[in-house]
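Colleague: Compute the structure for the input listed below.
(chains A and B)
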Amino acid sequence: RKEVEQDPGPFNVPEGATVAFNCTYSNSASQSFFWYRQDCRKEPKLLMSVYSSGNEDGRFTAQLNRASQYISLLIRDSKLSDSATYLCVVNLNRDDKIIFGKGTRLHILP
Amino acid sequence: DGGITQSPKYLFRKEGQNVTLSCEQNLNHDAMYWYRQDPGQGLRLIYYSQIVNDFQKGDIAEGYSVSREKKESFPLTVTSAQKNPTAFYLCASSSQQGPGAETQYFGPGTRLLVL
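Modeller: This next block holds a predicted model:
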């Protein structure tokens, strides 16, 4: 099993729809989790951290499921500007190291 | 404005040439990192530094070298030993030490192409 795994997509979603994608991780001792957004040919930018209790920021909701070892990102009322690649980032809690997933591409269609 | 800058935006390397990528931050962050990103791939850690005058190898350090003489600066040299250097290079920094410690903030990146 890969350390961090994401569905590469692309997810093609009509504007206004709700979309969700998951990221699985292999190390059960992982402590910190993040979602980053990366636009085409740009640097990754932090979208949100993921906390055990789940957290919400406007149209975005992140959740952590430790039992099944995955985190999720839900985007409601999707906008054209949400089109990007979403990177899952996990702190493996080993060798003080974080792992970036390969990303999930999202295309919001007008 | 606080942030991380990288230069140049595009860099061309000839065979057998060493090139240096610049990374500067004015966020007063202790830790800085270099990543490489290839198309359709995740970020891979090249080197990181938790404090001035100290740095550690990441997962793919071969063919690269770094220095950390100042807190604000963490230049990366791509040496002629790196046989496949074409990639998008990203520099990042964080306020806590260690790659896993906290949120990392990225510079705009440098695209390196081999002629």
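
Colleague: which helices and strands does the host helix or strand of residue A:24 pack with?
Modeller: According to DSSP states H and E, residue A:24 maps onto strand A:19-25. Applying 3 or more C-beta pairs under 8 Å, 6 or more residues apart in numbering or on different chains; DSSP states H and E, one finds that strand A:19-25 contacts strand A:4-6, strand A:11-14, strand A:70-75, strand A:84-91, strand A:104-109. For glycine as for every other residue, the C-beta is placed from the backbone atoms N, C-alpha and C.

Colleague: Determine the angle, from 0 to 180 degrees, between that strand and strand A:104-109.
Modeller: Orientation of strand A:19-25 against strand A:104-109 (axes from the mean of the first three to the mean of the last three C-alpha atoms, to 10 degrees) gives an angle of 180 degrees.

Colleague: So which elements touch the helix or strand just after strand A:19-25?
Modeller: Using DSSP H and E, the helix or strand that follows strand A:19-25 towards the C-terminus is strand A:33-38. Secondary-structure packing of strand A:33-38 (3+ C-beta pairs under 8 Å, 6+ apart): strand A:44-50, strand A:60-65, strand A:70-75, strand A:84-91.

Colleague: ok, and the closest non-adjacent residue to the residue positioned nearest the centre of chain B?
Modeller: The centre of chain B sits closest to residue B:34, judged by C-alpha atoms, centre = their mean, with a distance of 2.8 Å. Using C-beta to C-beta, 6 or more residues apart in numbering or on different chains and skipping residues adjacent in sequence, the residue nearest residue B:34 is residue B:46, 4.3 Å away.

Colleague: neighbours of the one you found, just the number please.
Modeller: For residue B:46, the neighbour count with other C-beta atoms under 10 Å in any protein chain shown is 26.

Colleague: Counting by contacts, list what the helix or strand in which it is found packs against.
Modeller: Using DSSP H and E, residue B:46 maps to strand B:43-51. Applying 3+ C-beta pairs under 8 Å, 6+ apart, one finds that strand B:43-51 contacts strand B:31-37, strand B:54-57, strand B:64-66.

Colleague: Please name every helix or strand in contact with the least confident helix or strand in chain A by mean pLDDT.
Modeller: Lowest mean confidence among the helices and strands of chain A (mean pLDDT, DSSP states H and E): strand A:98-100, at a mean of 85. With contacts taken as 3+ C-beta pairs under 8 Å, 6+ apart, strand A:98-100 sits against strand A:84-91.
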